[in-house]
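S.K.: coords please:
(one chain, ligands or ions: 1)
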Amino acid sequence: MADYNQMLVLDLVRRSRGISRVELVRETGLTAQTVSNICRRLSDADLIRETGRVSAGTGGAPRTIFEVNASGRFTIGLHIDPARLTFVVFTLAGDIVQRLSMRTPDTPEPEAMLAEIELRIRQLIEAAGVPTDRVAGIGVATPGPIDVLHGSVRDAPNLPGWEDVGLRAELERRLGLPVVVEKDTTAAALGELWSSPRPPQNFAFVYLGTGAGAGIVLDGEVRRGASSNLGNIGHMSGDPNGPICPCGGRGCLSLTALPATLVGEAAARGLVASVDLGDARAVEKAFAELCAVAVDHPGGEEAAIVDRAARSYARVASQLANALDLEAIVFGGPQWPALMSAVLRIAPPLISKAFLFRALHDVETRGASTNDDVGAVGAASLAMWATTFDAPTQLFLPI
Ligand SMILES: [Zn+2]
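M.R.: Predicted structure coming up:
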């Protein structure tokens, strides 16, 4: 249990802006002696530090205040999206000291992409001026399906050539650092757990990217499922009047609400220029244009397309909230900035109205605490959990 307690204390110190030993004892339920021992170990490891003493008021002894030593550890977060690569250099305090967002290379085949990733990570660490011995590891968020046991990507539908790429082994070999691989939707949920000052204990992170997925947190813990591929919501129905999907369902999200579909529909009506719908980067650009016009012209045809997608996401989010008894729906991901306006206008009342347990508690609908970097931040926080917080390996590291 020592490791768990240490993780708990470190996490409390990290989330606070400064916390005393007395408060740590109160919050953890541990004995004063145990908390003192843990604080000493964490100080010796350069993970926390004392920031001075403040008076405890009349008569009491002055209190030592602990805060996290932000530069005690760093991790790298990488989010591989079919349209975009995002890198962050992340401190123990959760600050991003360096970031890079770039379009996914023209040749996203594994070898070229891995070489590019290696180069960029080396450049970022150098540009951040971070001592390399303080870089604890690398977290990678990637579209699924992933094989978490081997740290590899399996037949990712939106990454051509990535039939079975040993991402973890390859990056560990190239960079000499521990690497953890996570599905992008789960990484996003982890990022929210890390970044939110008071994260909800039961929420779905509805991830809007080239595809749509959900990361699920129940009872304060992220859930992964049997093969760590939980969260494929593409064939949940967003529109009961929508077209029949090849899966046999009607109005599935993957058929009605994804950026490629919406761009295709807008192009067919002459609202945006035609693009190759298999080209994630071209779709991203056209989708941003479509959504921007929708915001500027609320009654227009563009807005009708985008609003319908927002209703589809609300419908699927409602089903998740009811099936899992959630207290929050958090939207985010690479396409969130484009969809935010429509979704935040349309989804909250629909989700609240459809929520079956509203006599008992509310379900909050909001955007992610971290905006468009959420996959990279989630990956970086995963690497921090796994390497620095002595997190249980069955939860955070492939065995
Ligand atoms: Zn379907």
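S.K.: and Gly52, which of the three is it?
M.R.: Following DSSP: H, G, I helix; E, B strand; the rest coil, Gly52 is assigned to strand.
S.K.: what pLDDT does it get?
M.R.: The model reports Gly52 with a pLDDT of 73.
S.K.: Distance of the most centrally placed residue in the chain relative to Asp239?
M.R.: In the chain, the residue lying closest to the centroid (C-alpha atoms, centre = their mean) is Ala188, at 1.3 Å. As for Ala188, its distance to Asp239 is 24 Å (criterion: C-beta to C-beta, to the nearest Å). From N, CA and C alone the C-beta is placed, and that goes for glycine too.
S.K.: Check Arg134 too.
M.R.: 50 Å.
S.K.: next one: Ala136
M.R.: The spacing between Ala136 and Asp239, counted by C-beta to C-beta, is 45 Å.
S.K.: what's the answer for Ala189, then?
M.R.: 25 Å.
S.K.: quick one: which of the two has more around it?
M.R.: Ala189 (31 against 19; other C-beta atoms under 10 Å).
S.K.: leaving aside the residues next to it on the chain, what's closest to that one?
M.R.: Gly215 (2.8 Å; C-beta to C-beta, 6 or more residues apart in numbering).
S.K.: how deep is the one you found tucked in, by neighbour count?
M.R.: 31.
S.K.: correct me, but it touches Glu182?
M.R.: No: using C-beta atoms under 8 Å, Gly215 makes no contact with Glu182, being 9.4 Å away.
S.K.: quick one: common contacting residues for the two?
M.R.: Leu190 (C-beta atoms under 8 Å, 6 or more residues apart in numbering).
S.K.: end-to-end on stretch 67-75?
M.R.: 19 Å (C-alpha to C-alpha, to the nearest Å).
S.K.: Any chance you could list what contacts that stretch?
M.R.: 10, 13-14, 16-19, 45-49, 51, 89-93, 95, 97, 128, 130, 134-139, 380-381, 383-384, 387-388.
S.K.: So which of those belong to strands?
M.R.: Secondary structure assignment by DSSP state E places 19, 48-49, 51, 89-91, 97, 135-139 of the contacts of stretch 67-75 in strands.
S.K.: For ChimeraX, what selects the buried ones among these?
M.R.: For the buried members of the ones in strands among the contacts of stretch 67-75, the matching ChimeraX selection, counting by 16 or more other C-beta atoms under 10 Å, is:
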select :19,48,49,89,90,91,97,135,136,137,138,139
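S.K.: for the ones in strands among the contacts of stretch 67-75, which one is nearest the ion?
M.R.: Gly139 (31.1 Å; C-beta to the ion).
S.K.: Can you name the residues of this structure sitting close to the ion?
M.R.: His235, Cys245, Cys247, Gly249, Cys252 (C-beta under 5 Å from the ion).
S.K.: Can you tell me which of these are classed as buried?
M.R.: Cys245, Cys252.
S.K.: Can you lay out the residues of the chain next to the ion as TSV showing secondary structure?
M.R.: Shown next, in TSV, are the residues of the chain next to the ion (three-state DSSP):
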residue	secondary structure
His235	coil
Cys245	coil
Cys247	coil
Gly249	coil
Cys252	strand
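S.K.: and of the residues of the chain next to the ion, the nearest to Ala266?
M.R.: Cys252 (19.4 Å; C-beta to C-beta).
S.K.: in this structure, which spans are helices?
M.R.: For the chain, helices defined by DSSP state H occupy the ranges 2-15, 21-28, 32-44, 110-128, 167-175, 184-195, 253-256, 259-268, 280-296, 301-324, 336-354, 374-388, 393-396.
S.K.: and those as CSV, adding distance to Ile80 and mean pLDDT?
M.R.: As requested, these are exported to CSV (distance: least, C-beta to C-beta, whole Å; pLDDT from 0 to 100):
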stretch, distance to Ile80, mean pLDDT
helix 2-15, 27, 83
helix 21-28, 37, 92
helix 32-44, 33, 93
helix 110-128, 8, 93
helix 167-175, 8, 93
helix 184-195, 8, 91
helix 253-256, 20, 93
helix 259-268, 17, 96
helix 280-296, 11, 95
helix 301-324, 23, 98
helix 336-354, 17, 97
helix 374-388, 8, 90
helix 393-396, 19, 33
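S.K.: can you redo these as CSV with distance to Gly225?
M.R.: Formatted as CSV, those follow (distance: least, C-beta to C-beta, whole Å):
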stretch, distance to Gly225
helix 2-15, 23
helix 21-28, 30
helix 32-44, 33
helix 110-128, 25
helix 167-175, 19
helix 184-195, 9
helix 253-256, 19
helix 259-268, 25
helix 280-296, 25
helix 301-324, 13
helix 336-354, 23
helix 374-388, 16
helix 393-396, 13
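S.K.: Next, find the distance separating Thr256 from Leu193.
M.R.: Taking C-beta to C-beta, one finds Thr256 at 30 Å from Leu193.
S.K.: repeat for Ala226
M.R.: 21 Å.
S.K.: And those two? Which one has more around it.
M.R.: Leu193 (22 against 6).
S.K.: Check whether the more buried one really touches Asp219, as I assumed.
M.R.: No: taking contacts as C-beta under 8 Å, Leu193 lies outside contact range of Asp219: 12.0 Å.
S.K.: who touches the residue nearest to Ala189 in this structure?
M.R.: When contacts are taken as C-beta under 8 Å, 6+ apart, Gly215 is in contact with 183, 185-190, 192, 204-205, 207, 222, 230-231.
S.K.: Between which two of the residues you listed is the distance greatest?
M.R.: Glu192 and Leu230 (15.4 Å).
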